[in-house]
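1. What follows is a predicted structure for the sequence shown.
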Amino acid sequence: METIPDLRSYGGADAYLRNCASREVLDFLSSKWVCLTIGALRPGTMRFSELRRRLDGITQKMLTQSLRDCERNGLVLRTVYPTVPPRVEYRLTDLGQSLAGLTDAIRIWSESHMSDIQVAQGEYDERAARAPEPV
């Protein structure tokens, strides 16, 4: 079997390598709330309270952190309007829009295969609960 070369020397990234910076990106994107926040913002601009209502179960602290992380990573643009009280809106950047298609595909796949996963989990749990059989 041929070993795959380290692509970083060619200007690329290789997430399979332990020190590749793309692993940090994958770690960030693997957050449930980041994926759902990106998906919730896909249709357009929203205020914090609208997002919180859309993301049932998210805490104010977690939504704040997810939005800050998304803004820091260039996926979300936060706009503050000079009103009293200040009005703050969030929308996806072009980079965020390019990611939203992927997160939507994962969400749709999850919703479509939820029952298949639950059946597989039940079967696994049944097997795991039985005493091991001799080979």
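-> Alright, I've got the coordinates.

2. Low-confidence ranges, this protein, go.
-> With pLDDT under 70 as the threshold, the chain has low-confidence stretches at 1-11.

3. Can you show me the strands along it?
-> Under the criterion DSSP state E, the chain contains strands at 46-47, 76-81, 87-92.

4. give the contact list for residue 40.
-> Applying CB atoms under 8 Å, 6 or more residues apart in numbering to residue 40 gives the contacts 46, 51, 54, 55. Where you see a C-beta, it was placed from the backbone N, CA and C, and this is true even at glycine.

5. Distance of the second one relative to residue 118?
-> In this case it means residue 51. Counting by CB to CB, to the nearest Å, the gap from residue 51 to residue 118 is 28 Å.

6. ok now stretch 89-99, how far from the chain's centre?
-> Computed by CA atoms, centre = their mean, to the nearest Å, the chain-centroid distance of stretch 89-99 equals 13 Å.

7. for stretch 12-21, that is, sorry about that
-> 19 Å.

8. Name the residue in residue 51 and residue 118 with the higher neighbour count.
-> Neighbour count, other CB atoms under 10 Å: between residue 51 and residue 118, residue 51 has more, with 18 against 10.

9. Run through the residues that contact that one.
-> Taking CB under 8 Å, 6+ apart, we find residue 51 in contact with 37, 40, 41, 63, 67, 90.

10. Tell me the one of the contacts of residue 40 nearest residue 30?
-> The shortest separation between residue 30 and any of the contacts of residue 40 is 16.9 Å, and it belongs to residue 55 (by CB to CB).

11. How many residues are close by the nearest residue to residue 70 once chain neighbours are set aside?
-> Counting by CB to CB, 6 or more residues apart in numbering, residue 76 is the residue found nearest to residue 70 once chain neighbours are left out, at 3.9 Å. Taking other CB under 10 Å as the criterion, the count of residues near residue 76 is 22.
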